[in-house]
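for reference, the sequence and a predicted model appear below.
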Amino acid sequence: MIWRKIFHRLQLEKDLAAFRRHNRFLAEAGRYENPDQRVLIVSLSNWPAQIKTEIMLATAFRLQGWTPWILTFSNHTFAHRYFEAAGMSRFVHLDLQTNSDGTSLERMAGKRADEILAEGIRSSSFLKQREKEVDIGRHVLSTLVRTLRLGHLNLADPALAQPLRNALVRSLCAISQANKVLERVQPKKILFLEKGYTPYGEIFDLALSQGLDAIQWGHSHRIDALMLKRYTAGDRTLHPFSLSSSTWAETRTMSWGPTKEQELLEEVQGRYQSGSWFSRKYLQTNKRIKSPAEVRRQLGLDPSKKTAVLFSHVLWDATFFFGENLFEDYEQWLLEAVRAACRNAAVNWIVKLHPDYVWKLKMIGDTKVPDQVILEETFGKLPSHVTVLLPDTDISTFSLFEMTDYCLTVRGTIGIEMACFGIPVLTAGTGRYSGLGFTIDSSTAQEYLDRLRNIHRIPRLTAEQTELAQKHAYALLKLKPLPTTAFEQVQMPLEKLGHPLDHNVVIKPRSLQELTDAVDLKLFGQWACHSKTPDFLLPLEDDLSCAESLVSAAHKTPPG
């Protein structure tokens, strides 16, 4: 263990030295700063890949005349050193915030936590718990599920009493800390990567309640692009990989025809074939696109029946903060849906466990797939018409597109893809794309289960519904991602996962002039600093401006 720590430290020191040596010019962007125009960069990480991305986004703010303040933890020494190497040294530390008399905030948080818990709680009611404009129930339960890696929380379980109190104290403490940070820095804008878990969610909610311009950056389906979204209090639960209501209203009126449809289908198919579809998460590693006949033989499916595919979620990941669920959590949905599948032998059922488990379990040194364990404990041997497809299967998800007749998900990205091919998508929760006219949404869990019992009678999407789905996907997959030409996200192979630089960022400009000329930084800076539109979108190809080369690259489909 000690040698592993030494190795990691040496690798990080080496990377930091190279970063400092090659990127001294980044500090020169400070000449454009206006100290009255403050943006708070919520950078609560010591991970170089995230830090460097935030350095580049902060630099884009600087080039537009804004001054970045970096919110971090006092013990994140590498974060401090990377930002300082880029000429940014205005730090504020979340963990060092105290009361005016110097006392800790934790004691007050503990007292309030005990008051809340004394009222008696259930998971469903606690989820709605609010404190000072903050959805603490949502943040606490999401964080607790993720920390404990549980698919279901029974808050009446005595074993959860202390973890729940600890999580609640951290949440309440984060509210006080965030208030003090915002009071000290007084930013006009705030930038996040994460906005749901403690303490990110508490900071995010408070920022919105104070009317700050809150922007989230995130990764897209392609490793060379970012997703960007601006939030208000009214849409704070929207997924960053989604379109706002105003963007969707414009998207619906987009002219459509065979050319754009072909571009979209090539985008999806091309990235699966090239292995670049969500490759940052290693989703295409060791996968192969197979014909429907091959898949049916491998899985033992009845070729005379239609096929429904249930795409499970990672049970502990973002369970509560992207919309409302029909079922209490992802685990209950999975069990109830599989129970309905067992009773309906009119179709083949494939229960596809999320491929994210491959890298997530590798990171934590575990081999047990939670969904698989829960299904075996609950059902034992499943009937022959229900097949479980494990996360490490060699079957590419794209192999299922030609043979899937029905797609089941709560709100997964797969629903965006499948609907583009006319495949009915049955959602089990709101958020992202439900209610837009191309999915089958249910109002209650019972209505949803009734649909599963008669799923074989559901027709394919109409041409109009399919076109709506394709317009939505085109805006989301082709126009919303910002290609990052000034910096490149790189990663090591899956077997190297756990290396401190398994994901990293390479900065391309070599001078201040090249930095100011970087089209991606210009587009991000102009949108973030001078626009109020909720979604960053590239212009369509018939409306190019200075971004012509960048847009051309964005619309180019990778070779298959």
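Looks like it came in fine. Residues are numbered from 1 along each chain as shown.

what's around residue 447, how many residues?
11 (other C-beta atoms under 10 Å). No exception for glycine: its C-beta is placed from N, CA and C like everyone else's.

that one and residue 430, how far apart?
Between residue 447 and residue 430 the computed distance is 14 Å (C-beta to C-beta, to the nearest Å).

same thing with residue 160?
With C-beta to C-beta as the criterion, residue 160 and residue 430 are 27 Å apart.

which helix is the longest one in this protein?
helix 161-185 (DSSP state H).

partner strands of whichever helix or strand comes after that helix and their direction?
Per DSSP states H and E, the first helix or strand lying C-terminal to helix 161-185 is strand 189-192. Sheet partners assigned to strand 189-192 using DSSP bridges are listed as strand 38-42 (parallel), strand 213-219 (parallel).

send the alpha carbons of strand 189-192 over as PDB?
Presented in PDB, the C-alpha positions along strand 189-192 are these (Å, rounded to 0.1, in the frame of the first residue of the first chain):
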ATOM      1  CA  LYS A 189     -21.700  33.400 -11.800                       C
ATOM      2  CA  ILE A 190     -20.900  29.900 -10.500                       C
ATOM      3  CA  LEU A 191     -19.500  26.900 -12.400                       C
ATOM      4  CA  PHE A 192     -20.100  23.200 -11.400                       C
END
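
all numbers from here: first residue = 8
Sounds good: first residue 8 from here, last item strand 196-199.

where's whichever helix or strand comes after it relative to the chain centroid, distance-wise?
Counting by DSSP H and E, the next helix or strand C-terminal to strand 196-199 is helix 207-216. On the basis of C-alpha atoms, centre = their mean, to the nearest Å, helix 207-216 sits 17 Å off its chain's mean C-alpha point.

contacts for helix 207-216?
By C-beta atoms under 8 Å, 6 or more residues apart in numbering, the residues outside helix 207-216 that reach it are 47, 49, 51, 78, 139-143, 145-146, 149, 178, 181-182, 185-186, 188-189, 197, 199, 201-203, 221, 238-240, 243, 328.

tell me what angle it forms with strand 45-49.
160 degrees (axes from the mean of the first three to the mean of the last three C-alpha atoms, to 10 degrees).

now helix 207-216: mean pLDDT?
Per-residue pLDDT values across helix 207-216 average out to 96.

buried residues in it?
Buried residues in helix 207-216, counted by 16 or more other C-beta atoms under 10 Å: 207-215.

which one of the residues you listed is nearest residue 98?
Closest approach to residue 98 among these (C-beta to C-beta): residue 210, at 15.4 Å.

any idea how far residue 467 is from the closest one?
45 Å.

which helix or which strand is home to residue 292?
Going by DSSP H and E, residue 292 is not in any helix or strand.

which one is it nearest to, not counting chain neighbours?
Counting by C-beta to C-beta, 6 or more residues apart in numbering, residue 501 is the residue found nearest to residue 292 once chain neighbours are left out, at 4.9 Å.

next, the contact list for that neighbour, please.
Contacts of residue 501 by C-beta under 8 Å, 6+ apart are 289, 292, 365-366, 369.

would you turn the residues you listed into a markdown table with neighbour count, distance to residue 379 and secondary structure?
Below are the contacts of residue 501 laid out as a markdown table (neighbours: other C-beta atoms under 10 Å; distance: C-beta to C-beta, whole Å; DSSP: H, G, I helix; E, B strand; the rest coil):
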| residue | neighbour count | distance to residue 379 | secondary structure |
| --- | --- | --- | --- |
| 289 | 19 | 19 | coil |
| 292 | 15 | 19 | coil |
| 365 | 22 | 13 | helix |
| 366 | 18 | 16 | helix |
| 369 | 15 | 16 | helix |
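
and these, which two are the farthest apart?
292 and 369 (10.9 Å).

got any ranges where the protein has weak pLDDT?
For the chain, the stretches flagged by pLDDT under 70 are 130, 547-567.

which residue ranges of it form strands?
Taking DSSP state E as the test, the strands found in the chain are 45-49, 74-79, 98-100, 196-199, 220-226, 232-238, 313-318, 354-359, 393-396, 413-416, 432-434, 489-490, 494-498, 510-514.

for residue 424, the count of nearby residues, please.
23.

just give the number of residues close to the closest residue to it other than its chain neighbours.
Nearest residue to residue 424 in three dimensions, chain neighbours excluded: residue 275, at 5.9 Å (C-beta to C-beta, 6+ apart). Per other C-beta under 10 Å, the neighbour tally for residue 275 reads 20.

and residue 275, what does it touch?
284, 405, 424, 427, 480, 484.

name the nearest of those residues relative to residue 320.
residue 424 (15.2 Å).

just to revisit the earlier point, out of the contacts of residue 501, the closest to residue 153 would be?
Within the contacts of residue 501, proximity to residue 153 (C-beta to C-beta) peaks at residue 366, which comes in at 15.4 Å.

ok, the closest one to residue 352 distance?
Taken as C-beta to C-beta, the span from residue 366 to residue 352 is 35 Å.

residue 179 too?
51 Å.

next: residue 284.
Using C-beta to C-beta, residue 284 is found at 33 Å from residue 352.

between those two, which one's more packed in?
Counted by other C-beta under 10 Å, residue 284 and residue 352 do not tie: residue 284 has more neighbours, with 25 against 15.

report how many residues lie close to the nearest residue to that one once chain neighbours are set aside.
Spatial nearest neighbour of residue 284, excluding adjacent residues (C-beta to C-beta, 6+ apart): residue 278 at 4.0 Å. Here the number of neighbours of residue 278 (other C-beta under 10 Å) works out to 21.

just the one 3 residues further on next, same as before
Burial of residue 281, expressed as a neighbour count using other C-beta under 10 Å, amounts to 14.

quick one: residue 487 and residue 250 touch, right?
Yes. Taking contacts as C-beta atoms under 8 Å, residue 487 lies within contact range of residue 250: 7.4 Å.
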